[in-house]
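Chemist: 3D model of this:
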Amino acid sequence: MHVIWTGARVRLRPFSKVEEGLELVKQIHGELIPHWGPRWERPLEQARAYEDAGWCGVDNCTFAIDRLDIGQLVGYEFVRLPAVGSLGAWIATYIQAGHQRQGFGIEAKQLAMCFVFENYPVERVGAVTPSTHTEARRGLERCGMHYEGRRVRSWFSNARWVDRTYYVIFREEWERLPVRQLVKRGAQPE
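Modeler: Got it, this is the predicted structure:
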């Protein structure tokens with residue numbers, strides 16, 4: 001199984017050490033997150049998970065997202081792996097504020113799709129975002145996913161209930177994406 005996926009602009013890779021990941025999570029989630037509301041990460045739990053499996057275990061994997069042009073860590077990609085007997089996985093992308101709206105998250109999602117579809121016998125990869133988060137919805141569509149539906153008033157964010165919007169891409173749709181031919185699998189970080 002490849003653990004490093006390199007596209008034209010970003011690379012997904014394992015975190016080199018637990019402190020690297022914990023610092024990034026603290027930077028990204030240290031403030032109130034628009035659309036999602038406050039997030040409470042548990043550093044001790046995360047440190048144990050890293051020690052046990054390098055943040056890639058039976059249930060999920062978390063990858064660092066590096067920008068290739070400046071060689072800087074700018075976010076992370078969370079992949080909920082398929083449960084036994086399941087035909088689907090989930091992805092979530094978190095990019096630092098100064099690097100958002102530049103396409104890095106779109107490519108990171110596509111690299112995560114390559115990781116999932118090439119390593120697991122799944123038929124679909126899904127994602128979810130609050131319906132109020134138009135930038136995320138547009139990014140999910142630009143990476144090849146399409147609207148699947150929504151759950152009304154199912155997420156409590158910033159002192160109010162909001163809808164969650166679901167997106168999906170099926171294996172046969174992913175197989176037609178150009179990123180499959182461009183991605184480098186297993187390339188070592190420079």
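Chemist: ok, Glu135 - contacts?
Modeler: By Cβ atoms under 8 Å, 6 or more residues apart in numbering, the contact list for Glu135 reads Gln100, Arg101. For the C-beta atoms, the positions are set from N, CA and C on the backbone; glycine is no exception.
Chemist: That one and Trp161, how far apart?
Modeler: 21 Å (Cβ to Cβ, to the nearest Å).
Chemist: Now Ile28. Nearest residue, chain neighbours left out?
Modeler: The shortest distance from Ile28 to any non-neighbouring residue, by Cβ to Cβ, 6 or more residues apart in numbering, is to Tyr94 (5.1 Å).
Chemist: ditto for Leu177
Modeler: Gly144 (5.2 Å).
Chemist: Pull out the buried positions in the host helix or strand of Val79.
Modeler: According to DSSP states H and E, Val79 maps onto strand 72-80. Buried residues in strand 72-80, counted by 16 or more other Cβ atoms under 10 Å: Leu73, Val74, Gly75, Tyr76, Glu77, Val79, Arg80.
Chemist: Beyond it, next helix or strand please.
Modeler: Using DSSP H and E, the helix or strand that follows strand 72-80 in sequence is strand 88-95.
Chemist: Which stretches in the protein count as strands?
Modeler: 5-6, 10-13, 60-67, 72-80, 88-95, 124-130, 146-157, 160-170, 184-185 (DSSP state E).
Chemist: buried set for the helix ranked longest in the chain?
Modeler: Using DSSP state H to define each element, the chain has its longest helix at helix 104-119. Applying a neighbour-count criterion of 16+ other Cβ under 10 Å, one finds 104-117 buried in helix 104-119.
Chemist: Quick one: work out the angle between it and strand 88-95.
Modeler: 150 degrees (axes from the mean of the first three to the mean of the last three Cα atoms, to 10 degrees).
Chemist: Could you tell me how far helix 104-119 lies from the centre of the chain?
Modeler: 8 Å (Cα atoms, centre = their mean, to the nearest Å).
Chemist: average pLDDT for that helix?
Modeler: Mean pLDDT, helix 104-119: 96.
Chemist: ok, the residue nearest to Ile28 - contacts?
Modeler: Tyr94 sits next to Ile28, His29, Gly75, Tyr76, Glu77, Phe78 when contact means Cβ under 8 Å, 6+ apart.
Chemist: one step back: now render the buried residues of helix 104-119 as TSV, adding distance to Val10.
Modeler: Formatted as TSV, the buried residues of helix 104-119 follow (distance: Cβ to Cβ, whole Å):
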residue	distance to Val10
Phe104	5
Gly105	9
Ile106	9
Glu107	5
Ala108	5
Lys109	10
Gln110	9
Leu111	7
Ala112	11
Met113	13
Cys114	12
Phe115	13
Val116	17
Phe117	18
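Chemist: tell me what the strand holding Val79 is packed against?
Modeler: helix 18-29, strand 60-67, strand 88-95, helix 104-119 (3 or more Cβ pairs under 8 Å, 6 or more residues apart in numbering; DSSP states H and E).
Chemist: I appreciate the help and will end here.
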